[in-house]
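Asks: Sequence unavailable; structure follows:
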């Protein structure tokens, strides 16, 4: 907790220094609203160098794109206020749709393209002649804030995100080893346990995206991170297969049990040198035992044992490769990295264009409704209110339930308004020079910046840091106009309140609906795989399903009890999809009936008959004396076990 407090305070100090530097520069060159430089600093600042610099770049690109779109739209439809509002709203909705499809930190550029058009465009609808000057000045103010934030966070006590990545990777590898050790010992019986690895992989991917901006790691290291992700994702699957086999095999042969005990001891060993040498010895043992038993397999039970040994051998190899890759990343060993990263896929993001369209259309309806209210009422500050409404729709549109986050922002804005009034009419009139102004602003901004660095209070703190510069009118000269401050505050609370109400109706996605949507997409992709039209190989499928699992996990607590088994179903879809893909790539004897089984797989709910047919075909292929036949038998056993588990879970659901 003390370390977290220290990091938050350091972040707050850096952000405040960058904000004051940007404010001073904007004042010195005579910009119209230098307060926007302060706002920009607090929007782009992150707790690490890489995240801050990437956010700065994306904000700059998004700001230029949004300002350019505004300059094109507003003068073109200068005499048609409603049409102009529709075009601006359409641009914002389009940018939101692109950001929802991207799903990487790069999506922030699309968010800012819509965000900027909203802030510049709607207030300029009633005064289109000034839109070009406003856009140029706004881009200048924002650019100053971006440059100052980037310089301060880069060179003043920088907190590198690569260190966070290395630390989280070490924790993830240790947790993965312990998870598999518990599975082999029969202690882990929860399907959700290995899927917690999906969240860790998602978090690592989020960090990894910012690492190049740390200027710390090279291209080979980035490839190694992809290869490491592929192996950890595969490890989650192997863990589930091992747990399933241990439940099926009633009488474990002595030689396999001995190997199993040694693997457990190896997984829990903390001696690095011994761990490496033991891994190589275990790999050789498991390979020899696998080859021996494969030649002697005559029954389906024998094939099941060989299949189990295959996963033990793969487990050892995956853990060993993960450790080699992690050490290569930590110590920058290019040769080791190149040897391990062949054909690396990396993180695959689930994208749902239809859901993104739904959210974008909801934002379009919300913003356009605000425009119609503003135009019909002829409210002088209506443009400001609609611009804030557009910001809410873009910034919070990616959340399933945006309303609670906007409420936090409203709470922060309420405190920001109160503090602004105290500053505007009690403290700022007494300030005569810049150093005194910095000292006066420091207490509030240092506290708010510290809160902004903590995820539970981020949005509330932003309500303070973004409201204070606007309402205090931190310009070249003190104005102290209470009417302007009151009107701006009214516009702020009207817009955010309307956003809470309208986004609750049009942009809230229930957890159960999101879960069911993901599961249906998984079933659709399995059908495509059976038909041979799924675009992607086994690694692509595994990584895609890992991302879907990471999307499911946070939604389970908010869903109905009946949705609690969604993770179980997703794991079954993952395994069935892999089984189908593997079988389609095997050399199948003509007339064996496997293609008919795959055809029936997507059309029949009675899996018991399918399992019996798979078992019969498996026995017909024994003994598997060559590599192609062994692969075919192995994948038939995989599909048989996946269908068995699915059948059991369907019975439990009933």
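Replies: Yep, it's here. The structure displayed is predicted, hence computed values, not measured ones.
Asks: hey, where'd the helices end up in the stretch 351-500 of the chain?
Replies: 353-377, 382-396, 403-422, 434-452, 458-471, 482-506 (DSSP state H, counting those that start in this stretch).
Asks: Show me how far the fifth one is from its chain's centre.
Replies: Looking back up the chat, that one is helix 458-471. Helix 458-471 has its C-alpha centroid displaced from the chain centroid by 25 Å (CA atoms, centre = their mean, to the nearest Å).
Asks: cool, and the first one?
Replies: In terms of CA atoms, centre = their mean, the centre of helix 353-377 is found 25 Å from the chain centre.
Asks: State the distance from residue 600 to residue 316.
Replies: 36 Å (CB to CB, to the nearest Å). Heads up, the C-betas are built off the backbone N, CA and C, glycines and all.
Asks: Neighbour count: the two, which is higher?
Replies: The residue with more neighbours, out of residue 600 and residue 316, is residue 316; 24 against 15, by other CB atoms under 10 Å.
Asks: Can you mark which positions in the host helix or strand of the more buried one are buried?
Replies: Assigned by DSSP states H and E, residue 316 belongs to helix 300-331. By 16 or more other CB atoms under 10 Å, the buried positions in helix 300-331 come out as 300, 302-326, 328-329.
Asks: who does that helix touch, helix- and strand-wise?
Replies: With contacts taken as 3 or more CB pairs under 8 Å, 6 or more residues apart in numbering; DSSP states H and E, helix 300-331 sits against helix 161-184, helix 219-248, helix 254-267, helix 272-296, helix 334-340, helix 607-620, helix 627-653.
Asks: out of the ones you listed, deepest packed?
Replies: Comparing these by mean neighbour count (mean count of other CB atoms under 10 Å), helix 219-248 comes out on top with a mean of 21.
Asks: now for it, which elements pack on it?
Replies: helix 161-184, helix 192-210, helix 300-331, helix 334-340, helix 538-552, helix 566-585, helix 627-653.
Asks: Compute the number of surrounding residues for the spatially closest residue to residue 349 that is not a sequence neighbour.
Replies: Of all residues not flanking residue 349 in the chain, residue 103 sits nearest, at 4.7 Å (CB to CB, 6 or more residues apart in numbering). Residues within reach of residue 103, counting by other CB under 10 Å, total 16.
Asks: Got the phi and psi for residue 103?
Replies: phi 60, psi 10 (degrees, to the nearest 10).
Asks: Repeat that for residue 156.
Replies: According to degrees, to the nearest 10, residue 156 has phi -100, psi 100.
Asks: Quick one: residues contacting the closest residue in space to it that isn't next to it in sequence.
Replies: Among residues not flanking residue 156 along the chain, residue 14 sits closest, at 5.6 Å (CB to CB, 6+ apart). By CB atoms under 8 Å, 6 or more residues apart in numbering, the residues touching residue 14 are 45, 152, 153, 156, 157.
Asks: gap between the closest residue to the last one other than its chain neighbours and residue 119?
Replies: For residue 157, the nearest residue in space outside its immediate sequence neighbours is residue 10; the separation is 6.2 Å by CB to CB, 6+ apart. Look at residue 10 and residue 119: by CB to CB, they are 30 Å apart.
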